[in-house]
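Colleague: My questions are about this predicted structure, shown below with the sequence.
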There are 2 protein chains.
Amino acid sequence: MSKTQPQKRANLRDVASAAGVSVATVSRVMNAPDTVAEKTRKRVEDAMNSLRWVPSAAARAINTGRTRFVGALVPTLDNAIFARFLSKLENQLNTHRLSLVVATTDGSPDVETEKAKTLIDIGAEGLIVSGITHDQALYDLLERSQRPAIATSYYDPGFALPTIGYDNAAAAALALEHLTSLGHRQVAVVHGPRTNNDRTRARLDGLTGTGAVLQLFETEISLAGGCTAARAILQEPQHPTAILCLSDVLASGVLAELHRQDLIVPEDISVIGLDDLPGSAHIYPELTTVHLPVARMGLAAADAIAGWVETQTVPEPFLLEPSLVLRRSTARPS
Amino acid sequence: MSKTQPQKRANLRDVASAAGVSVATVSRVMNAPDTVAEKTRKRVEDAMNSLRWVPSAAARAINTGRTRFVGALVPTLDNAIFARFLSKLENQLNTHRLSLVVATTDGSPDVETEKAKTLIDIGAEGLIVSGITHDQALYDLLERSQRPAIATSYYDPGFALPTIGYDNAAAAALALEHLTSLGHRQVAVVHGPRTNNDRTRARLDGLTGTGAVLQLFETEISLAGGCTAARAILQEPQHPTAILCLSDVLASGVLAELHRQDLIVPEDISVIGLDDLPGSAHIYPELTTVHLPVARMGLAAADAIAGWVETQTVPEPFLLEPSLVLRRSTARPS
DNA sequence: TTGACACATGTAACCGGTTTCATCAACTTA
DNA sequence: TAAGTTGATGAAACCGGTTACATGTGTCAA
């Protein structure tokens, strides 16, 4: 009778015996084709095809010690800023023949540690995390598993992990300076939760000593959050002349709500963001904001982690410069 | 002299001999702790800790045949619709103790096949792809590697792969019907590239036989693309009374541009989208659109692929129903 | 003719876990 | 007390590749 049912997957030895060569030769056909005679190689390749052989990633990994993927932990995918970062990161990792596993933490250090554990458990060669606020357990985990890890979105040369990011305080200061230089003295600041978010805290810290009176409005980072904050701002007895949003997403929400309340930007009130999302140049009115080079950050992070896992080169901290992008949502107070 | 330098990583046998037990026992401590005597377990755990042992994912994978991650191929991360989908997908996969590797294809079947190859090469247990337009090479690859794969964002029970998605034509028809029921007879349709995009094509196909005159405007799917299209529409000798955007991102861009041109929505012109992004309820004016249940799609896709890789259950095609979401950007033509 | 050498290939150890099966002591049960 | 169970553990095979080292053949210079 014919053995049609079982269909166990072919392995290297099956291919080798089908081609009438040794396993070493088959392995060579994969990894160093030019050390194998043309004729032999052809024969082996035919055997691979007819046996529909597919190499086992695990078997390769156990020998080479490489799994060829790294993990990234981001708070969320729902903010375009992280999506853009990951997009670039993935692309650049590919140039190093590395793939990307993503995990979202929802901004919780606990979840982050948990997911980091999982990523390492499935074999991630290195990790990319956001910001500098983490569980001690995460550091322990990295230490123990000896995995390279870099922190992004935050620049701090003294941090335990190499950081690749920008000076969040300076970025926020840039936005505020722009407003004060226009003459605004009363500005509302809309920001996301401070809890576990060092970037938000750093941005708030950058907002000092400029002579403008600041009112803080904390909300969730989403369009809806921006709307809510705008409504709160408009209920204040004295309207500010400008609204500084510590994230473009918030600014978009604020803009929508102001529009809804029939306020004209920037004539009635100025709005400035921070992030410079790809869409921010195309909303109405075009949003003045501070550009954070997240695309370059993605490139840099990919190169850094790749260099680390391939050649054990611990990367230097890397500072990316934010820059003011003047568009149409800010003007002198009237 | 002390052997301080080498620091070779400990393996199971090291742990075993340090604890004075066999490798089998150490393995049991990991995988079936309650079959090991309390005292022994403790001793083994101590050994693990003092040797700072971390299990090798590859070694486990080679035995169990499981890598515990699946891959997802999406066109881009820059459209929130995919970001949302992936976000839910990742979360739900986690409940099955599965991780997610993401790869972007930029809408190119070639790139898709290439990346699929990489994902399988690093050990992805299954794949999730977008839409039903793919290279033959991708099917060959799936066939040969025997990897489960499901297609999303598109429902087609007759497709080679199980599909989990919606009827794109019906979704677009829903939008158009809404407009015609309001009395619109002249509508501009803004859509993304048809090339390699079956979803766009299907949506366009859904726009038939309703008595309204349609003008098509193709552009790239981005806020900027929406702006461009809106400008083109306004240059037409006869303005349509409504604009149907086959994606919310396009609708947002259109809205911004209309605003810029001092047209009031919906008084001067109606705008309807398709997707229902989380932000669409919070832009100005609140966007009427067709809701696509991508979050549920993420859940369903996760469960489907998980079931397939765990219990070899080939999932049934799954249809998700789009629904009209009435908000404020549409009205009767004036 | 012979020794050196490059090239093609094979043998077998090895990577770090899991798992089957055997072993043995302690505990029941009749 | 003998036989049958149960529970804890170990020995060794095994998973599917890579690779160090050995072997054998053909070419070429001396």
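Modeller: Done, it's in.
Colleague: What values do phi and psi take at residue A:37?
Modeller: phi -60, psi 140 (degrees, to the nearest 10).
Colleague: let me fix that: residue A:84
Modeller: Dihedral angles (degrees, to the nearest 10) for residue A:84: phi -60, psi -40.
Colleague: Contacts only, for it.
Modeller: Applying C-beta atoms under 8 Å, 6 or more residues apart in numbering or on different chains to residue A:84 gives the contacts A:277-278, A:294-295, A:298, B:77-78. C-beta coordinates here come from the backbone N, C-alpha and C atoms, glycine included.
Colleague: Get me the contact residues on the stretch 51-200 of chain A for DNA strand C.
Modeller: A:62-63 (C-beta under 7 Å from any atom of the strand).
Colleague: hang on, the earlier thing: which pair in the contacts of residue A:84 spans the largest distance?
Modeller: Largest separation among the contacts of residue A:84 by C-beta to C-beta: A:277 and A:298, giving 14.3 Å.
Colleague: which residues does residue A:174 contact?
Modeller: A:290, A:322-324.
Colleague: Which pair of those residues spans the longest distance?
Modeller: It's A:322 and A:324 that sit farthest apart of the contacts of residue A:174, by C-beta to C-beta, at 8.0 Å.
Colleague: Of the contacts of residue A:174, just the buried ones, PyMOL syntax please.
Modeller: PyMOL command restricting those to the buried ones, with burial defined by 16 or more other C-beta atoms under 10 Å in any protein chain shown:
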select buried, chain A and resi 290+322+324
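Colleague: and of the contacts of residue A:174, the nearest to residue B:34?
Modeller: The closest of these, once distances to residue B:34 are taken by C-beta to C-beta, is residue A:322, at 54.6 Å.
Colleague: any idea how far residue A:150 is from the closest one?
Modeller: Between residue A:322 and residue A:150 the distance is 19 Å, computed by C-beta to C-beta, to the nearest Å.
Colleague: tally of neighbours for residue A:143?
Modeller: 12 (other C-beta atoms under 10 Å in any protein chain shown).
Colleague: where does chain A have low pLDDT?
Modeller: A:1-7 (pLDDT under 70).
Colleague: residue boundaries of the helices in it?
Modeller: Using DSSP state H, the helices of chain A run over residues A:12-19, A:23-31, A:38-50, A:57-64, A:80-95, A:109-121, A:136-145, A:168-182, A:198-205, A:223-235, A:248-260, A:294-311.
Colleague: Just confirm yes or no for the last one near chain B.
Modeller: No. Interface with chain B: helix A:294-311 contributes nothing (C-beta under 8 Å from any C-beta of the partner chain), its closest point being 10.7 Å away.
Colleague: what's that helix in contact with?
Modeller: So helix A:294-311 is contacted by A:66, A:70, A:81, A:84-89, A:91-93, A:95-96, A:98, A:125-126, A:128, A:148, A:150, A:152-153, A:162, A:164-166, A:275, A:313-315, A:318, A:320 (C-beta under 8 Å, 6+ apart).
Colleague: Now do the buried residues in it.
Modeller: Those would be A:294-306, A:308-309, for helix A:294-311 by 16+ other C-beta under 10 Å.
Colleague: got it, and stretch A:49-63?
Modeller: Buried residues in stretch A:49-63 (16+ other C-beta under 10 Å): A:53-62.
Colleague: Endpoints of it, how far apart?
Modeller: 24 Å (C-alpha to C-alpha, to the nearest Å).
Colleague: anything in that stretch near chain B?
Modeller: Yes. With C-beta under 8 Å from any C-beta as the criterion, chain B is reached by stretch A:49-63 at A:52, A:54-59, A:61-62.
Colleague: need those in TSV with distance to DNA strand D, can you?
Modeller: Formatted as TSV, those follow (distance: C-beta to the nearest atom of the strand, whole Å):
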residue	distance to DNA strand D
A:52	11
A:54	7
A:55	4
A:56	4
A:57	9
A:58	7
A:59	3
A:61	9
A:62	4
